[in-house]
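Engineer: predicted model and sequence follow; I will ask about them next.
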Amino acid sequence: MTTQTNSHFMASDVPSQQGRRVLITGANSGIGYEAALELARQGAEVILPARSVDKAEGAIARIRREVPGAKLTAGVLDLASLASVREFARTIGERFPGQSLDLLINNAGVMAVPQRELTVDGYERQFATNYLGPFLLTALLFPQMRQRRGSRIVTVSSGVSNQGKIEFDNLQGERSYKPMFGAYSQSKLADLIFQLELQRRLTAVGSPVLSTGGHPGYAITNLQASGPAGQSPLGFRIISAILKPFASQDAAHGALPTLYAATAQSVEPGGYYGPNGFQELKGYPVAAKIAPAAKDLSLAKRLWAETERLTGVTFSL
Ligand SMILES: NC(=O)c1ccc[n+]([C@@H]2O[C@H](COP(=O)([O-])OP(=O)(O)OC[C@H]3O[C@@H](n4cnc5c(N)ncnc54)[C@H](OP(=O)(O)O)[C@@H]3O)[C@@H](O)[C@H]2O)c1
């Protein structure tokens with residue numbers, strides 16, 4: 001699905017976003033914050049929900065210091081709670097009725113939660129936060145983008161989706177729980193499958209909405225600390241420490257694939273972008289490797305149906 005990209009796309013290449021309304025999750029930190037900042041800099045109105053209003057307001061204050069007069073709206077959203085996602089989507093529908101959204105960026109995530117944790121809905125925390133919540137949010141907000149020409153849905157996955165496996169008998173880590181190369185990689189593979197399947201469904205109904213996505217490579221953010229807290233598998237920690245000095249990048253560079261997928265004119269429908277450097281760990285956005293499992297059409301259909309069941313939503317396009 002992906003072909004040409006600009007191998008030196010930078011934040012300054014983000015086209016004018018004047019008149020566009022963006023909703024980005026997880027924008028109080030890391031690559032989400034950097035993406036929100038650049039979109040605001042180019043004139044977008046940005047809705048940035050966080051897990052608390054203080055976190056959202058804190059990010060707004062930081063962006064306003066860089067972009068005085070930016071149009072920014074706080075919100076409260078816990079993607080690990082289906083009720084919170086529903087409540088947040090309801091408030092957005094009330095506050096911005098009609099065809100009101102140009103861009104939805106599903107960025108928020110957690111990585112390698114050391115012990116298996118269940119959410120209020122009884123789902124494994126990483127699968128719920130990284131995948132089920134964003135799926136539900138997208139389904140609930142889609143009516144506000146359906147006829148909006150030029151609108152996009154961007155889903156942030158990860159390079160470890162290549163190591164992911166969708167285990168329908170272990171979606172919640174109930175049979176066995178591996179924090180990184182089990183639950184996390186499964187949730188990020190699910191994100192990529194969702195991005196690609198969503199585009200197929202949009203194409204099938206002739207929708208003007210695009211589904212694109214990306215991964216940031218290895219970007220130094222709070223993710224490494226908030227999830228594993230030094231408890232990720234020893235092998236992963238050793239590899240990360242070895243790679244960090246020469247194959248990691250800052251959050252601003254990690255945001256480039258997201259910004260590319262969200263704004264570049266040259267994106268392909270369903271396009272998936274990541275850094276162009278060694279092992280897609282750092283660099284400028286180009287078409288990224290798509291895991292074979294993410295191209296499995298029957299797997300995608302099955303996962304979609306199971307996700308609708310788990311979230312209690314029918315995703316109407
Ligand atoms: N950094 C990397 O190298 C890397 C590599 C591959 C993929 N990614 C992906 O990039 C995305 C952004 O991560 P990051 O590196 O920027 O990490 P980060 O700095 O930790 O940011 C993650 C964001 O997600 C939010 N979040 C976590 N749980 C949430 C929940 N239940 N509800 C709502 N928001 C929640 C966090 O909010 P709090 O501040 O409240 O925790 C934070 O704003 C994630 O999807 C991650 O999987 C990152």
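Structural biologist: Noted; the coordinates are in hand.

Engineer: next one: the residue of the chain found nearest the ligand from Val120, what distance?
Structural biologist: With CB to the nearest ligand atom as the measure, Gly30 is the residue of the chain nearest to the ligand, at 2.1 Å. C-beta: built from backbone N, CA, C; applies to glycine. Distance from Gly30 to Val120, counting by CB to CB, to the nearest Å: 24 Å.

Engineer: find the nearest non-adjacent residue to Tyr131, please.
Structural biologist: Ala190 (4.2 Å; CB to CB, 6 or more residues apart in numbering).

Engineer: would you mind confirming that the one you found makes contact with Ala128?
Structural biologist: No. Ala190 is beyond contact range of Ala128, at 10.9 Å (criterion: CB atoms under 8 Å).

Engineer: now the terminal residues of stretch 19-35, how far apart.
Structural biologist: Chord length of stretch 19-35, first to last residue, is 17 Å (CA to CA, to the nearest Å).

Engineer: show me which residues of it are buried.
Structural biologist: Across stretch 19-35, burial judged by 16 or more other CB atoms under 10 Å covers 20-35.

Engineer: same question, stretch 159-167
Structural biologist: Buried residues in stretch 159-167, defined by neighbour count with 16+ other CB under 10 Å: Gly159, Val160, Ser161, Asn162, Gln163, Gly164, Ile166.

Engineer: ditto for stretch 113-126
Structural biologist: Val113, Arg116, Glu117, Thr119, Tyr123, Glu124, Arg125, Gln126.

Engineer: likewise for stretch 277-284?
Structural biologist: Gly277, Glu280, Leu281, Lys282, Gly283, Tyr284.

Engineer: report whether that stretch contacts the ligand.
Structural biologist: No. Figure legend: stretch 277-284 not in contact with the ligand (CB under 6 Å from any ligand atom); closest approach 8.4 Å.

Engineer: pull the CA atoms of that stretch into PDB?
Structural biologist: C-alpha atoms of stretch 277-284 as PDB (Å, rounded to 0.1, in the frame of the first residue of the first chain):
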ATOM      1  CA  GLY A 277      17.700   4.700   9.600                       C
ATOM      2  CA  PHE A 278      19.200   1.500  10.900                       C
ATOM      3  CA  GLN A 279      16.400  -1.000  11.700                       C
ATOM      4  CA  GLU A 280      13.900   1.900  11.400                       C
ATOM      5  CA  LEU A 281      15.100   3.200  14.800                       C
ATOM      6  CA  LYS A 282      15.800   6.800  13.900                       C
ATOM      7  CA  GLY A 283      15.700   9.100  10.900                       C
ATOM      8  CA  TYR A 284      13.200  10.700   8.600                       C
END
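
Engineer: hmm, who's touching that stretch?
Structural biologist: 6-10, 159, 215, 217-218, 243, 247-249, 253, 256, 274-276, 288-289 (CB atoms under 8 Å, 6 or more residues apart in numbering).

Engineer: got a PyMOL select line for the buried ones in those residues?
Structural biologist: Here is the PyMOL selection string for the buried members of the contacts of stretch 277-284, based on 16+ other CB under 10 Å:
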select buried, resi 9+159+215+217+218+247+248+249+253+256+274+275+276+288
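
Engineer: among the contacts of stretch 277-284, which ones are in strands?
Structural biologist: If you go by DSSP state E, the contacts of stretch 277-284 have Gly274, Pro275 in strands.

Engineer: dihedrals phi and psi, Pro49?
Structural biologist: phi -80, psi 150 (degrees, to the nearest 10).

Engineer: same question for Gln17.
Structural biologist: Dihedral angles (degrees, to the nearest 10) for Gln17: phi -110, psi 20.

Engineer: that one reaches Leu39, doesn't it?
Structural biologist: Yes. Contact criterion CB under 8 Å: Gln17 and Leu39 qualify, at 5.5 Å.

Engineer: any residues in contact with both of the two?
Structural biologist: With CB under 8 Å, 6+ apart, Gln17 and Leu39 have common neighbours Thr263.

Engineer: so which of these two has more stuff around it?
Structural biologist: The neighbour count for Gln17 versus Leu39, taken as other CB atoms under 10 Å, is higher for Leu39 (30 against 21).

Engineer: that one against Ala27, yeah?
Structural biologist: No. Using CB under 8 Å, Leu39 is not in contact with Ala27, being 9.3 Å away.
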